[in-house]
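Peer 1: fold the following for me, if possible:
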Amino acid sequence: MVSNRTSSAPVLDIEPDLTERLEQQYKASPTQRRWTVPHISSQTKMRLKIGISVVMFASLFLFGKIDLSKSWEIAMHANLWFLGSAVVLYLSSTLINAYRWQLLANAVGLRKPFFKLVQFCFVGLFFNLFLPSTVGGDFSRCYYLSKGTGRYGGAAYSVLADRAVGIAVLFMFASLGILLGPGGSEMAWALKAPIFLGTIGIFGVLPFMPKLTKKLLGEHNFITKKFNDSSAKVYWQDKNLIGVSLGLSVLMQVVVVTVHILIGYALGLTTIPLWYYFVFYPSVAVLGFITPSFNGIGIREWAYTYFLTMVGIDNSHALTYAIMWLGLTTITSLFGGIVYVAGHFKISKEEAEKLQSQAV
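Peer 2: Model prediction:
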């Protein structure tokens, strides 16, 4: 969740004719053409991400000194009451996500009933995990929100804003966790630097983008116009809206951290200080987000093992913890699949191809 639900879905293209413009410039300039990076298809990118996840996940078993029989025994003796509570609480966090998105969508004139947005969020989770290369969660949310209105751009702005406020809090928590918690000082700078730079960029640059684009690109640049003249400008003008959205993001993070605490209790990990959950979860989530992989799988498992062993948890318990979290997110995505089927949210092949063609 970003919630913390970070995704490998494609980036949204909210300027439909941008690709055509770039192609014209490309054809008109032989000099630039020689230096153009070869295009990599979305299918190839997805295969590479899956390959990275498989290698990382497998290496955890090969080099992580994991006692699989012990991990299995730990899983079989997990407290089902705590696990069940974690599942219910994690599912309920989608309600907060939907409400935050509703506020941001309303701001650009796209109004949908709260229950519908809850459904869209669950369906998005399903697409993120099971159909990332076809549509993706962000694309599906834009499609359903804008369906029948012709306002795909406005829907894209709302989804991007929803992502931004969620990721902002995630990066902030991760940076504080690395600076204040054990294990942060020993983390490689190759991992810490993107987190710190992301935090600085989000809180130090993003709030000033309308003014920066005017100054650096000029008032007539199409990127400048997107920040200053489109419906997205409301996100820089309405400080109260962004403040409430950030507050809801903090609440979401607290809920997800509570889910992690319940998983720890389910596995008998009562020696982990409660404050430490606020340290390692955001760091793990951001690492899964910034590292090329299939939905962070493989990366997260390594990260969970690293942070948990820093407070005296053995590798077998740490891996079991990571697998439990993976299972919980998978269950939530499968629930999204049930919503997708029961709610008749099918997207035709033609519509899916149209959405996919808008990916950068």
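
Peer 1: in the protein, which helix or strand is least confident?
Peer 2: helix 30-34 (a mean of 44; mean pLDDT, DSSP states H and E).

Peer 1: surely residue 336 forms part of a helix?
Peer 2: Yes - with DSSP: H, G, I helix; E, B strand; the rest coil as the criterion, residue 336 is part of a helix.

Peer 1: neighbours of the closest residue to it other than its chain neighbours, just the number please.
Peer 2: Nearest residue to residue 336, sequence neighbours excluded (CB to CB, 6 or more residues apart in numbering): residue 126, at 3.3 Å. Placement of C-beta: from N, CA and C, glycine included. Counted by other CB atoms under 10 Å, the residues lying close to residue 126 total 22.

Peer 1: ok, residue 126 - contacts?
Peer 2: 137, 333, 334, 336, 337, 339, 340 (CB atoms under 8 Å, 6 or more residues apart in numbering).

Peer 1: name the element it belongs to?
Peer 2: Using DSSP states H and E, residue 126 sits within helix 114-130.

Peer 1: and that helix, how far out from the chain's middle?
Peer 2: With CA atoms, centre = their mean, to the nearest Å as the basis, helix 114-130 stands 13 Å off its chain's centre.

Peer 1: what residues of it count as buried?
Peer 2: 117-129 (16 or more other CB atoms under 10 Å).

Peer 1: what do you get for stretch 213-220?
Peer 2: 213, 214.

Peer 1: contact partners of it?
Peer 2: 221, 223, 224, 227, 228.

Peer 1: if you set the cut-off to 6 Å instead, what comes out?
Peer 2: The contact list for stretch 213-220 (CB atoms under 6 Å, 6 or more residues apart in numbering) reads 223, 224, 227.

Peer 1: and if you look at stretch 252-265?
Peer 2: By CB under 6 Å, 6+ apart, stretch 252-265 touches 1, 3-4, 82, 85-86, 89-90, 93, 96, 169, 173, 272, 277-278, 281, 324.

Peer 1: hmm, 8 Å instead?
Peer 2: 1-4, 79, 82-83, 85-86, 89-90, 92-93, 96-97, 100, 166, 169-170, 173, 270, 272, 274, 277-278, 281-282, 321, 324-325, 328.

Peer 1: among those, name the buried ones.
Peer 2: 1-4, 82-83, 85-86, 89-90, 93, 96-97, 100, 166, 169-170, 173, 272, 277-278, 281-282, 321, 324-325, 328.

Peer 1: still on that earlier bit, list just the nearest of the contacts of stretch 213-220 to residue 181.
Peer 2: The shortest approach to residue 181 among these belongs to residue 227, at 35.6 Å (CB to CB).

Peer 1: neighbours of the closest one, how many?
Peer 2: Neighbour tally, residue 227, other CB under 10 Å: 19.

Peer 1: ok, the one 4 residues further on next?
Peer 2: Burial measure for residue 231: 16 neighbouring residues, criterion other CB under 10 Å.

Peer 1: cool, residue 72 as well?
Peer 2: 12.

Peer 1: kindly report the same for the one 5 residues further on.
Peer 2: Residue 77 has 10 neighbouring residues, counting by other CB under 10 Å.

Peer 1: now it. Nearest residue, chain neighbours left out?
Peer 2: Of all residues not flanking residue 77 in the chain, residue 268 sits nearest, at 7.9 Å (CB to CB, 6+ apart).

Peer 1: same deal with residue 241?
Peer 2: residue 107 (5.7 Å).

Peer 1: just list the residues touching residue 186, thanks.
Peer 2: Counting by CB under 8 Å, 6+ apart, residue 186 has contacts residue 310.

Peer 1: what about the helices in the stretch 201-350 of the chain?
Peer 2: 209-217, 222-228, 234-237, 239-266, 274-290, 299-309, 315-342, 349-357 (DSSP state H, counting those that start in this stretch).

Peer 1: and the angle for the fifth one with helix 239-266?
Peer 2: Here helix 274-290 points in a direction 110 degrees away from that of helix 239-266 (axes from the mean of the first three to the mean of the last three CA atoms, to 10 degrees).

Peer 1: how about helix 274-290: buried residues?
Peer 2: So for helix 274-290, counting by 16+ other CB under 10 Å, buried means 276-290.

Peer 1: so where's the stretch 101-250 of the chain uncertain?
Peer 2: 131-135, 182-184 (pLDDT under 70).

Peer 1: kindly recompute the last result at 90.
Peer 2: Counting by pLDDT under 90, the stretch 101-250 of the chain has low-confidence residues at 127-140, 142-143, 146-153, 173-195, 198, 207, 210, 214, 216-232.

Peer 1: show me where the stretch 1-150 of the chain has helices.
Peer 2: Counting by DSSP H, counting those that start in this stretch, the helices of the stretch 1-150 of the chain are 18-28, 30-34, 42-63, 68-76, 80-107, 114-130, 137-146.

Peer 1: do you know how far the residue lying closest to residue 122 once chain neighbours are set aside is from residue 300?
Peer 2: In space, and not counting its chain neighbours, residue 122 is closest to residue 336: 3.9 Å by CB to CB, 6+ apart. Distance from residue 336 to residue 300, counting by CB to CB, to the nearest Å: 19 Å.

Peer 1: would CSV of the contacts of residue 126 with distance to residue 113 and neighbour count be doable?
Peer 2: Formatted as CSV, these follow (distance: CB to CB, whole Å; neighbours: other CB atoms under 10 Å):
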residue, distance to residue 113, neighbour count
137, 20, 26
333, 23, 21
334, 24, 14
336, 18, 27
337, 22, 17
339, 15, 18
340, 18, 22
